[in-house]
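Asker: Provided below are the primary sequence and the corresponding predicted coordinates.
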Amino acid sequence: MRAHDPGQQPAPRRISPGGRPFRDMALYERLISSGIAAADRRGGVVDHVTARRRSLWLLSRSQQPDFMRGLIRFARDGAITASLKKELRYYARYPGHPHQPQSARLLQYAVARGTDLGPIGTDFAGLCDQVDYADSLLTELHDRVTHGRIQPEQASPEAAGPQPVTLARHDPATGIVTLILDDSTASMAIHAISISATDREAHVREVQQYSQSLPENSYGRLNRQVIAARETRITTRLRAIEHAYRTAIDHDAAPALERFEIAAPVDRTPDRELELE
């Protein structure tokens with residue numbers, strides 16, 4: 001990733017004619033390596049996002065038409081066609097093929113999905129692009145800090161510590177907002193969110209308790225039920241944010257986005273493809 005001079009704003013991201021950012025394959029290789037390392041640490045296969053990145057990396061190389069069609073389909077909605085699996089098996093076992101290791105990894109992922117080979121979600125590509133964008137920001141920030149292009153501010157009575165990192169991006173097409181915060185800012189934001197959720201939960205209990213003293217089907221009781229339902233919906237979203245944050249910093253917690261995790265196959269018939277591991 002190209003370095004920026006101190007104080008210089010990052011160059012605008014180039015956008016493809018289809019409305020998606022041009023993909024930096026060098027950055028993809030770094031992100032793929034990180035995903036593979038994470039999979040190796042937990043003794044499993046790569047997650048959906050890393051698998052998609054690998055498929056796009058393979059697409060950036062010259063491939064056979066059938067292989068390309070299967071990779072494109074997977075990158076679009078997460079579905080693994082029988083043709084793609086067949087091509088992956090062939091290349092993974094082809095001695096000396098330049099993409100043999102990459103195909104083998106993607107085949108392991110396909111095998112781990114068992115019979116669940118259909119589309120992963122209605123906007124699999126859009127969600128993965130959001131994750132790619134967030135990871136690219138984090139990687140650039142890490143590089144700038146590592147190479148000394150972000151200098152901590154001098155301590156002063158008014159402000160102590162480094163400049164807070166607060167980046168945001170809104171994708172109108174998906175309605176998704178991506179936030180990048182430094183540790184301290186994120187901790188403060190989650191603390192405020194937790195307090196707000198606790199207050200709203202207490203308010204819901206008070207409203208529900210009071211509504212029980214009102215006549216059945218009365219306006220006052222129905223109105224308070226509407227208030228309690230609205231506050232509960234808001235609290236649910238706030239707690240979801242809090243849970244996602246706790247999961248991110250606590251590696252022993254259950255994943256917040258389970259749709260982007262692949263569990264180890266259970267009760268499957270032994271498959272010789274697993275020998276690739």
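Answerer: Cool, the structure landed. Numbers count the residues shown, from 1 in each chain.

Asker: if I look at Ala51, how far off is Gln212?
Answerer: To Gln212, Ala51 is 52 Å away according to C-beta to C-beta, to the nearest Å. C-betas here are computed from N, CA, C, even on glycine.

Asker: Of the two, which one has the most company?
Answerer: Using other C-beta atoms under 10 Å, the more surrounded residue of Ala51 and Gln212 is Ala51, with 28 against 9.

Asker: quick one: which helix or strand includes that one?
Answerer: Using DSSP states H and E, Ala51 falls within helix 48-59.

Asker: Report the mean confidence score over that helix.
Answerer: Summarised as a single mean, pLDDT over helix 48-59 is 90.

Asker: Likewise for stretch 32-43?
Answerer: Rounded mean pLDDT across stretch 32-43 is 87.

Asker: what does that stretch rub up against?
Answerer: Val45, Val46, Asp47, Val49, Thr50, Arg53, Arg54, Trp57, Arg105 (C-beta atoms under 8 Å, 6 or more residues apart in numbering).

Asker: Excluding covalently adjacent residues, which one is nearest to the most centrally placed residue in the chain?
Answerer: The residue lying closest to the centre of the chain (C-alpha atoms, centre = their mean) is Val131, at 4.4 Å. Spatial nearest neighbour of Val131, chain neighbours left out: Val49 (5.2 Å); criterion: C-beta to C-beta, 6 or more residues apart in numbering.

Asker: Count residues in the vicinity of that neighbour, would you?
Answerer: 21.

Asker: who are the neighbours in contact with it?
Answerer: Counting by C-beta under 8 Å, 6+ apart, Val49 touches Gly35, Cys128, Val131, Asp132, Phe260.

Asker: Sort out which one of those residues lies nearest Gly70 for me.
Answerer: Of all the contacts of Val49, Cys128 has the smallest distance to Gly70: 16.9 Å, by C-beta to C-beta.

Asker: In which helix or strand does that closest one reside?
Answerer: Applying DSSP H and E, one finds Cys128 within helix 124-146.

Asker: so after that helix, what's the next helix or strand?
Answerer: strand 166-171.

Asker: Tell me where the protein has helices.
Answerer: 25-42, 48-59, 65-77, 82-92, 100-112, 124-146, 183-211, 219-249 (DSSP state H).

Asker: Confidence-wise, which of those is weakest overall?
Answerer: When I compare those, helix 124-146 is least confident, with a mean of 80.

Asker: Show me which positions of it end up buried.
Answerer: 124-125, 127-133, 135-137, 139-141, 143-144 (16 or more other C-beta atoms under 10 Å).

Asker: For that helix, output the C-alpha coordinates as CSV.
Answerer: Extracted in CSV, the C-alpha atoms of helix 124-146 (Å, rounded to 0.1, in the frame of the first residue of the first chain):
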residue,chain,number,x,y,z
PHE,A,124,-22.8,-11.6,0.4
ALA,A,125,-20.6,-9.6,-2.0
GLY,A,126,-21.7,-6.3,-0.5
LEU,A,127,-21.0,-7.4,3.0
CYS,A,128,-17.6,-8.8,2.1
ASP,A,129,-16.7,-5.6,0.3
GLN,A,130,-17.5,-3.7,3.5
VAL,A,131,-15.2,-6.0,5.5
ASP,A,132,-12.5,-5.5,2.8
TYR,A,133,-12.8,-1.7,3.1
ALA,A,134,-12.6,-1.8,6.9
ASP,A,135,-9.6,-4.1,6.8
SER,A,136,-7.9,-1.9,4.2
LEU,A,137,-8.3,1.1,6.5
LEU,A,138,-6.9,-0.8,9.5
THR,A,139,-4.0,-2.1,7.4
GLU,A,140,-3.1,1.4,6.2
LEU,A,141,-3.4,2.8,9.7
HIS,A,142,-1.2,0.0,11.0
ASP,A,143,1.4,0.7,8.3
ARG,A,144,1.4,4.4,9.1
VAL,A,145,1.8,3.8,12.8
THR,A,146,4.5,1.2,12.3
